[in-house]
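> sequence and predicted model, in that order:
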Amino acid sequence: MISAFDTATIRQAEYDLVAHAPLDHVMKKAAGAVAETCAQLIAARDLARAGRVVALVGGGDNGGDALYAVAMLARSAIECDAVILHAEPHPRGCQAAEDAGVHLVRPDLSRSPRAVAQAVARTVIGCDVIIDGLVGTGGRGALREPFATVVTLVRAGLADAGDRLGRTRRQSPQTGHRPGTSERSRRPLVVAVDTPSGLGGEDGSVAGVHLPADVTVTMGALKPQAVLPPASYSVGQVRLCDLGVTISTPERARSLGAGDVGCAWSVPGPSDHKYTRGVAQVVAGSTEYPFTGVMCVEAAARTGAGMVRYSGPAEASLAVLSRVPEAVGAPGRFQACLLGPGLSERDDARIEQAGELMRTAHAANLPMVLDAGALRAWRRLVSQLPGGEIGPLAVLTPHAGEAAMLLTHLGAGSQRGGISRAEVEAEPLRWATRLTECTGAIVVLKGAATLIVAPGEIPYVQHQAPAWAGTAGSGDVLAGILVAVAAAAQAQSEQAGAELTQADLARRIAAGVWVHGTAARLAAGLRPDRPAAVDALSVQAEDVEPIGAGAPIIATDIIAAVPQAIRHALAAGPLRYAG
Ligand SMILES: NC(=O)C1=CN([C@@H]2O[C@H](COP(=O)(O)OP(=O)(O)OC[C@H]3O[C@@H](n4cnc5c(N)ncnc54)[C@H](O)[C@@H]3O)[C@@H](O)[C@H]2O)[C@@H](O)CC1
Ligand SMILES: [K+]
């Protein structure tokens, strides 16, 4: 499990720590982790020269960490510059850097932000690693000048360096030149100290310009921006430097790893059969989108449902049964239902069928997953339920556009108008939480990082899915996985004679999201675990997964990889006891 805490909580824990240990001692430990990361990244570049590091230094202890880090690197014969961008930089850090032979660059801070930024850009050219020590946990609000312009110019330079490299690669057929690994990685890598400067929102929102990192070496504990989107899209690989702080307050957000999923997963024992493993009922597809159900049903079956029942248009039933002959067309007992993929609001017969199953599930307190068409038909479907309440075991799976539509419909926006998709994308945690408050349901807000939020619970955020997973049908596969997970959870509770709780269901749903993302990674040719290496300080440079790593996939590739993803989770989970 990866846990992220509020910045103020972590700062307090660090204060408590430095009350018992000298601050410089703690800072040197932090700086040591930054220096080690830089040295490893440079070593992996396989350079004929020693390598060069440039630190961008602000006025606080974040800048102090950066100064101590370059001091350590300079002592191991790496060429280092430190660009001092504050009138009063950390004095002992400056001294340490100077003593170690670091070249201190002091742009004239009385000049325009652009002139200062150009001085920075000149220093950065040709370096291998940029250490971002402008602002850390002491940052307040959007970056001020000259940092904002410095960051803008450095970002532009990095993008340009990437483009030039791309052109070289495209030219290779004419020149016969094949860029090697070291050339591929010629763009300077950015190592953020504690957090990329400019990212400070406690809810993952991003205000103003920031410097995205390839690796973030974070101190003490993970900050919210390390896991919460959209900020988390800019932290790169996160490495935790364990300072030995103790935090007893609840997390701001958590992410399940393979071992947690292995623990949460229902596995069949010798006395199990299809009904005790969970029967999933799927209502998907319509005359407009007849074949959506194929993906939902196959995904549910491959996730390990004991049985999958399917209701949909006649032509779709044939397609479902030809692909998954194990599916059952006849209605009957079920433990969780999935309503909505490929469901058209104009298909009255199908909406009526979905409504009937929803009433059955609601009356029996069974989990139900509401996706796509069922979210669009919210008013018609939910108004049929007693009190118009969907219940705690409902799982809503909107993407940002659907969440905006639903929030608008529920009147969750401002007085003047509804919520836009862009607003949800800018503050996904805020709006997922709002949606869960309005409905009482578990909300799975889909995106590059998917949030799983239940009322009053610590939100889960899962980052496994590569960008290639954003493809037609991927959401249908997720919905199929989730209904199988929900059916298994319900079946297990029935066996134990206990009520399935919303908190338990939310955790299992997060595990289902992990399986979907991990299956997509495997399908795309990536290794199952995203190299987040949060507690390993032995990173290899190839662990820094570049944007766009992997290869294109289609939704059915994800389904095919589901069993392998589950196998990986179970292998990382506990050895179960038969008793
Ligand atoms: N306190 C501790 O126990 C430890 C702190 N450490 C480091 O210290 C950092 C926190 O240090 P500080 O509290 O000095 O704070 P920071 O260094 O994060 O930020 C303070 C500096 O940034 C400026 N600043 C704040 N908001 C700004 C904005 N929006 N635009 C431009 N400048 C802005 C302030 O004027 C000040 O100069 C951590 O992020 C971490 O890197 C680590 O060394 C570990 C131990
Ligand atoms: K920073």
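Yes, it's here. Ligands and ions are numbered 1, 2, ... in the order given.
> how about residue 209, what does it touch?
Residues near residue 209 by C-beta atoms under 8 Å, 6 or more residues apart in numbering: 142, 143, 148, 151, 152, 155, 198. All C-beta spots, glycine's among them, are computed from the backbone N, C-alpha and C.
> quick check: closest non-adjacent residue to the fifth one.
When the adjacent residues along the chain are set aside, residue 152 lies closest to residue 209, with 5.5 Å between them (C-beta to C-beta, 6 or more residues apart in numbering).
> how near is that neighbour to ligand 1?
10 Å (C-beta to the nearest ligand atom, to the nearest Å).
> would you say that residue is within a helix?
No. In this structure, residue 209 is coil, not part of a helix, as judged by DSSP: H, G, I helix; E, B strand; the rest coil.
> so how far is residue 149 from it?
Noted for residue 209: a distance of 9 Å to residue 149, by C-beta to C-beta, to the nearest Å.
> near ligand 2, which residues of this structure show up?
Within the chain, the residues that sit near ligand 2 (C-beta under 5 Å from the ion) are 132, 136, 192, 193, 197.
> state whether residue 508 is indeed within a helix.
Yes. According to three-state DSSP, the state of residue 508 is that of a helix.
> and residue 149, what does it touch?
Applying C-beta under 8 Å, 6+ apart, the residues contacting residue 149 are 113, 114, 116, 117.
> would you confirm that residue 80 belongs to a strand?
Yes. Judged by three-state DSSP, residue 80 forms part of a strand.
> what's the domain layout of this structure?
2-136+145-172+189-253, 258-524+549-572 (automatic domain parsing).
> next, format these as TSV and append distance to residue 578 and mean pLDDT.
Below are the domains of the chain laid out as TSV (distance: least, C-beta to C-beta, whole Å; pLDDT from 0 to 100):
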stretch	distance to residue 578	mean pLDDT
domain 2-136+145-172+189-253	31	92
domain 258-524+549-572	7	95
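> could I get those as CSV with distance to residue 530?
Listed next are the domains of the chain as CSV, based on distance: least, C-beta to C-beta, whole Å:
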stretch, distance to residue 530
domain 2-136+145-172+189-253, 9
domain 258-524+549-572, 6
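> quick one, strands of the stretch 451-579 of the chain?
460-462 (DSSP state E, counting those that start in this stretch).
> among the contacts of residue 209, which ones lie close to ligand 1?
Filtering those for proximity to ligand 1 by C-beta under 6 Å from any ligand atom leaves 142, 143.
> which one of the contacts of residue 209 sits closest to ligand 2?
Set against ligand 2, the nearest of the contacts of residue 209 by C-beta to the ion is residue 198 (8.5 Å).
> would you check that the closest one makes contact with residue 135?
Yes. Counting by C-beta atoms under 8 Å, residue 198 touches residue 135, with 7.2 Å between them.
> so what sits against both of these two?
143, 147.
> ok so, going back, now, among the contacts of residue 149, which is nearest to ligand 2?
The closest of these, once distances to ligand 2 are taken by C-beta to the ion, is residue 117, at 16.7 Å.
> what about the closest one, neighbour count?
Residue 117: 25 surrounding residues under other C-beta atoms under 10 Å.
> and the residue of the stretch 201-350 of the chain nearest ligand 2?
For the stretch 201-350 of the chain, C-beta to the ion, closest residue to ligand 2: residue 211, 7.6 Å.
> enumerate every residue touching the residue nearest to that residue when sequence neighbours are not counted.
Nearest non-adjacent residue to residue 211, counting by C-beta to C-beta, 6+ apart: residue 151, 4.7 Å away. By C-beta under 8 Å, 6+ apart, residue 151 lies in contact with 134, 143, 197, 198, 209, 210, 211.
> which element is residue 49 on?
Residue 49 belongs to no helix or strand when assigned by DSSP states H and E.
> can you pull the phi/psi pair for it?
phi -100, psi -180 (degrees, to the nearest 10).
> tell me, how many residues neighbour it?
Residues near residue 49, counting by other C-beta under 10 Å, number 10.
> how about it, what does it touch?
Applying C-beta under 8 Å, 6+ apart to residue 49 gives no contacts.
> hmm, try it at 10 Å
42, 78, 79, 128 (C-beta atoms under 10 Å, 6 or more residues apart in numbering).
> ok, those residues vs residue 576, which is closest?
residue 42 (44.6 Å; C-beta to C-beta).
> confidence score at residue 539?
Residue 539 is assigned 45 on the pLDDT scale.
> now list the buried members of the contacts of residue 149.
When the contacts of residue 149 are checked for burial by 16 or more other C-beta atoms under 10 Å, the buried set is 113, 116, 117.
> now these in a markdown table, with secondary structure?
As requested, the buried ones among the contacts of residue 149 are exported to a markdown table (three-state DSSP):
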| residue | secondary structure |
| --- | --- |
| 113 | helix |
| 116 | helix |
| 117 | helix |
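> in TSV: the residues you listed, plus distance to residue 27.
What follows is the buried ones among the contacts of residue 149, written out as TSV (distance: C-beta to C-beta, whole Å):
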residue	distance to residue 27
113	28
116	26
117	27
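> which of the residues of the chain next to ligand 2 has the most neighbours?
That'd be residue 193 among the residues of the chain next to ligand 2, by other C-beta under 10 Å, with 35 neighbours.
> need phi/psi at that residue.
phi -90, psi 120.
> against residue 57, how distant is it?
From residue 193 over to residue 57 (counting by C-beta to C-beta), the distance is 10 Å.
> same deal with residue 264?
44 Å.
> the more surrounded of these two?
Comparing residue 264 with residue 57 by other C-beta under 10 Å, the one with more neighbours is residue 57, at 31 against 20.
> who's in contact with the closest residue to the more buried one other than its chain neighbours?
Once flanking residues are discounted, residue 57 sits nearest to residue 63: 4.1 Å by C-beta to C-beta, 6+ apart. Taking C-beta under 10 Å, 6+ apart as the criterion, residue 63 is in contact with 55-57, 82, 84-86, 88-90, 93-94, 131, 133-136, 138, 193.
> filter those residues down to the ones in strands?
Residues of those located in strands (DSSP state E): 55, 56, 57, 82, 84, 131, 133, 193.
> of these, which ones also sit close to ligand 1?
Restricting those to contacts with ligand 1 (C-beta under 6 Å from any ligand atom) yields residue 193.
> reformat the ones in strands among the contacts of residue 63 as a markdown table; add distance to residue 121.
As requested, those are exported to a markdown table (distance: C-beta to C-beta, whole Å):
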| residue | distance to residue 121 |
| --- | --- |
| 55 | 15 |
| 56 | 11 |
| 57 | 16 |
| 82 | 15 |
| 84 | 16 |
| 131 | 16 |
| 133 | 17 |
| 193 | 20 |
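> tell me the two of the ones in strands among the contacts of residue 63 that are most distant?
84 and 193 (14.9 Å).
> C-alpha coordinates for stretch 49-69, PDB please?
Coordinates of each C-alpha in stretch 49-69 appear next as PDB, following Å, rounded to 0.1, in the frame of the first residue of the first chain:
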ATOM      1  CA  ARG A  49      32.600  12.000 -19.600                       C
ATOM      2  CA  ALA A  50      31.900  12.400 -15.900                       C
ATOM      3  CA  GLY A  51      28.400  13.900 -16.300                       C
ATOM      4  CA  ARG A  52      27.100  17.300 -15.300                       C
ATOM      5  CA  VAL A  53      24.400  18.300 -12.800                       C
ATOM      6  CA  VAL A  54      22.700  21.700 -12.400                       C
ATOM      7  CA  ALA A  55      20.800  22.500  -9.300                       C
ATOM      8  CA  LEU A  56      18.100  25.200  -9.300                       C
ATOM      9  CA  VAL A  57      18.200  26.600  -5.800                       C
ATOM     10  CA  GLY A  58      15.400  28.600  -4.000                       C
ATOM     11  CA  GLY A  59      15.500  30.300  -0.700                       C
ATOM     12  CA  GLY A  60      14.300  27.600   1.700                       C
ATOM     13  CA  ASP A  61      15.400  24.200   3.000                       C
ATOM     14  CA  ASN A  62      14.400  22.700  -0.300                       C
ATOM     15  CA  GLY A  63      17.200  24.700  -1.900                       C
ATOM     16  CA  GLY A  64      19.300  23.600   1.100                       C
ATOM     17  CA  ASP A  65      18.700  19.900   0.200                       C
ATOM     18  CA  ALA A  66      19.700  20.700  -3.400                       C
ATOM     19  CA  LEU A  67      22.900  22.400  -2.400                       C
ATOM     20  CA  TYR A  68      24.000  19.600  -0.100                       C
ATOM     21  CA  ALA A  69      23.200  17.100  -2.900                       C
END
